[in-house]
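Asks: Sequence plus predicted model, see below.
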Amino acid sequence: MFDAPGPRFRRRVFWVSVVSALVLAGLVALGLRQFAAGGQLDPVRWRPYLTWPVWRYLLGGLWSTVVAACATGVLAMVGGLLLALRPNRFTRAYAEVMRTVPVLLLVYVMLFVLPSFGLNLPLFWKLVVPLALSHAASYAVIFRAGVDSVDPGQREAGLSLGMPDGAVTRFVVLPQAVRHMTPLLVTQAVSLLKDTSLGYVVSYTELLFNGRVLANYNGLLIQTFIVVAFIYLVVNLALSRMAHRLEAGRARTAR
């Protein structure tokens with residue numbers, strides 16, 4: 001699709017990367033210096049995070065985050081698949097609107113608007129439903145792109161064998177499309193997992209909410225949120241690395 005970068009462009013990218021890394025390292029060093037000056041790096045402030053009760057509490061929040069993310073992912077993928085396989089004005093409009101509406105606004109609608117009409121869901125679903133409605137639009141785009149990436153001759157071959165159109169989609173088109181979509185689906189899962197942090201709005205006990213409760217309890221705000229950020233970083237980096245491996249494997253298979 002694009003020409004390979006030339007030597008001049010590669011040198012430019014290299015130096016931009018070096019300068020960016022130096023700036024980032026300088027900002028980190030400056031931050032550490034400020035933390036040290038304020039006593040935030042004192043061992044006594046970090047000692048509680050070497051104890052199992054604190055980690056058990058944070059990992060409990062991580063488990064709730066994973067549960068909410070899995071429930072949201074299942075609902076969003078089902079909704080996205082239905083939207084992708086039934087393209088019309090409504091589904092296209094839904095995908096466009098939901099991709100532009102902030103997820104937080106949907107959470108507020110679920111939290112404040114719907115209860116006034118008598119629909120008051122449990123806290124878990126007040127988080128999952130808005131996320132699923134929003135991410136279904138993104139999954140619909142991914143599924144549609146995956147289906148369109150399959151050679152039209154595959155569908156025509158299935159139809160020529162007398163298979164119904166629905167059977168061709170399920171047994172011929174989708175299995176091939178999944179191979180193209182898998183890295184994007186994993187990447188979308190990273191975004192979905194981060195969005196579960198909105199659970200603090202509805203008081204759902206996910207990782208960020210537990211971190212806030214812990215920080216209020218022990219008064220170690222900076223240390224707590226650094227640990228929480230580290231947990232998010234590890235989980236999301238693992239998912240991102242999985243996506244890169246899947247993409248590399250798909251590229252090798254395509255050769």
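Replies: Looks like it came in fine.
Asks: Any stretches of the stretch 51-200 of the chain with poor pLDDT?
Replies: Low-confidence segments of the stretch 51-200 of the chain (pLDDT under 70): none present.
Asks: Pick out the residue nearest the middle of this protein.
Replies: Nearest to the mean C-alpha position of the chain, by Cα atoms, centre = their mean, lies residue 191 at 1.8 Å.
Asks: which residues does it contact?
Replies: 135, 138 (Cβ atoms under 8 Å, 6 or more residues apart in numbering). In short, each C-beta sits where N, CA and C put it, glycine included.
Asks: quick one: contacts of stretch 237-247?
Replies: By Cβ under 8 Å, 6+ apart, the residues outside stretch 237-247 that reach it are 182-184, 186-187, 189-190, 193.
Asks: Buried residues of the strand or helix carrying the residue nearest to the centre of the chain, list them for me.
Replies: Element membership for residue 191, per DSSP states H and E: helix 174-195. Residues 174, 177, 179-190, 192-193, 195 are the ones in helix 174-195 that count as buried (16 or more other Cβ atoms under 10 Å).
Asks: Could you identify the helix or strand that succeeds it?
Replies: Going down the chain from helix 174-195, the next helix or strand is helix 207-218, by DSSP H and E.
Asks: CA atoms only for that following helix - export them in CSV, please.
Replies: Provided in CSV are the C-alpha atoms of helix 207-218 (Å, rounded to 0.1, in the frame of the first residue of the first chain):
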residue,chain,number,x,y,z
LEU,A,207,-9.3,-1.7,40.0
LEU,A,208,-9.4,2.1,39.8
PHE,A,209,-12.2,2.3,42.3
ASN,A,210,-10.4,0.0,44.7
GLY,A,211,-7.3,2.1,44.3
ARG,A,212,-9.2,5.2,45.3
VAL,A,213,-10.6,3.5,48.4
LEU,A,214,-7.1,2.3,49.3
ALA,A,215,-5.6,5.7,48.8
ASN,A,216,-8.3,7.3,51.1
TYR,A,217,-7.6,4.6,53.7
ASN,A,218,-3.8,4.8,53.9
